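[1] A predicted structure for the sequence below; I have some questions about it.
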Amino acid sequence: MNSKKEALFHNVPKIRLGDYITRSTVNNSNLEYGVELIEGVTNEGKFAAPKGNPIDVDLKPYKIVKNGAFVYNPSRLNLGSIAYRTDGLCIVSHLYVVFYLSEDGKKRIDPEYLFIYFRREEFYREVTFRNFGSQRPEFNYYDMSDILIPLPDISVQQKYVNIYKSMFANQQSYERGLEDLKIVCDGYIEDLRRKIPCEKIGKYLELVESRNDNLRFKIDDVRGISIDKKFIATKADMADVNLNTYFIIQPNEFAYVPVTSRNGGKISIALNDSDYTYICSTSYVVFRSKDAKKLLPEYLMLFFSRPEFNRYARFNSWGSARETFDWSEICDVQIPVPDAKIQTAIADIYNVYTMRRRINEQLKAQIKDICPILIRGSLEDGGYKRNGKFTEL
């Protein structure tokens, strides 16, 4: 949006959100609901099971959340930690803020339109601006109530909500397809484990310690590894870092982080399945298959992607302050190694899975990016702009 158009939108009549919402502090004081109903809110705007161990947690102060509730983390709202509940009752930490649309609010505001409004970078910037100067910024319920929202007629809201929901449904169908493909892959693996003796993979692997000593690769080529087992742009501060000691990761080579403690029970390991060469810190371990005809990298990565491997890696990590899964432990991993044709057939399914996973990530990014477009479109479509000027609805 250009600056002139932005200025026009500043003249749009707005509602004060607090006039149309009601806070809920109803908690689980009677212990009616157990740990299986605990949910948290992610930065992606979704409810998710907590990562921590809920054993011995006092559930009495936990807040009860029903369908139609908005739930957000007041300390992380600027990062996107707000969700709209549609999947039935759950309980959340007492630290979360829970609110619903009031009866008047339901007449004027489509809740999913409001959620789209919240899922925009512009909203996160407003939260950050309002929190400026606080030692520990917390966007409380009163801050949320003071938010001013430009609001078209509810019929216009619903029109743009339908666009959002159709895109979301498309993304969800892709996600369900991902799970189906993963089940097929896991089924093949379990069948092989019953039919073929397992072998230690160490004899099929070799370490790679090629370094970026000629500085051919730059900061843009530096990669880290997520616990989702993907290469990601590094989050480290690269100022004044000497890149000539960094390891080179060629296509079809693996890298992993030996430290597994404080990692959510997962090991960060990834296959470079791109056509690009990356570099990584020497704290990583880089290796490859000696002969891809005997052990296909994609087939091996399928094993590394399984939850069973995460558990195996954590169990076989050693140390005190930091537990590590050393190279020798990687070499001791045992898997069935069938002939190349069977590996290729299974790897083909896995490649379809990884391709669809990328598409799914792109779809999720598109859904997030379209939120501000939908809000702007709804305002223009709602009658605020007539003959170049905005008017009351």
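    On my side now, so go ahead.

[2] For the residue lying closest to residue 375 once chain neighbours are set aside, what is the enclosing helix or strand?
    Computed as CB to CB, 6 or more residues apart in numbering, the closest residue to residue 375 that is not its neighbour in sequence is residue 117, at 5.9 Å. Where C-beta positions appear, they are placed from N, C-alpha and C, glycine not excepted. Applying DSSP states H and E as the criterion places residue 117 in helix 111-118.

[3] just the angle between the helix or strand just after that helix and helix 111-118, please?
    The helix or strand immediately downstream of helix 111-118 is helix 121-130, counting by DSSP H and E. On the basis of axes from the mean of the first three to the mean of the last three CA atoms, to 10 degrees, helix 121-130 is oriented at 60 degrees to helix 111-118.

[4] Following element in sequence after helix 121-130, please.
    helix 141-145.

[5] what pLDDT, on average, does the helix or strand that that following helix is followed by get?
    Following helix 141-145 in sequence order, the next helix or strand is strand 148-150 (DSSP H and E). Mean pLDDT, computed over strand 148-150, is 91.

[6] Which elements pack onto strand 148-150?
    Counting contacts by 3 or more CB pairs under 8 Å, 6 or more residues apart in numbering; DSSP states H and E, strand 148-150 packs against strand 14-16.

[7] which residues does residue 272 contact?
    231, 249, 250, 251, 252, 253, 254, 255, 278 (CB atoms under 8 Å, 6 or more residues apart in numbering).

[8] Weed out the non-buried ones from the residues you listed.
    Neighbour counting by 16 or more other CB atoms under 10 Å classes 231, 249, 252, 253, 254, 255, 278 among the contacts of residue 272 as buried.

[9] Low-confidence ranges, the stretch 251-393 of the chain, go.
    Applying pLDDT under 70 to the stretch 251-393 of the chain flags residues 382-393.

[10] residue boundaries of the helices in it?
    Using DSSP state H, counting those that start in this stretch, the helices of the stretch 251-393 of the chain run over residues 297-304, 307-315, 327-331, 340-381.

[11] Quick one: mean pLDDT over the helix or strand harbouring residue 158.
    Assigned by DSSP H and E, residue 158 falls within helix 154-195. In this model, helix 154-195 has a mean pLDDT of 84.

[12] before we move on, the earlier item: most tightly packed of the helices of the stretch 251-393 of the chain?
    helix 297-304 (a mean of 21; mean count of other CB atoms under 10 Å).

[13] Spatially nearest residue to the residue most central in space within the chain (excluding sequence neighbours)?
    Nearest to the geometric centre of the chain sits residue 44, at 5.9 Å (CA atoms, centre = their mean). What sits nearest to residue 44 in space, not counting adjacent residues and going by CB to CB, 6+ apart, is residue 80, at 6.7 Å.

[14] The spatially closest residue to residue 74 that is not a sequence neighbour: neighbouring residues, count only.
    Nearest-residue entry for residue 74: residue 138, 4.3 Å, with adjacent residues in sequence omitted and distances by CB to CB, 6+ apart. By the measure other CB atoms under 10 Å, the count of residues near residue 138 is 14.

[15] for the helix holding residue 158, packing partners?
    Helix 154-195 packs on helix 111-118, helix 297-304, strand 334-336, helix 340-381, going by 3+ CB pairs under 8 Å, 6+ apart.
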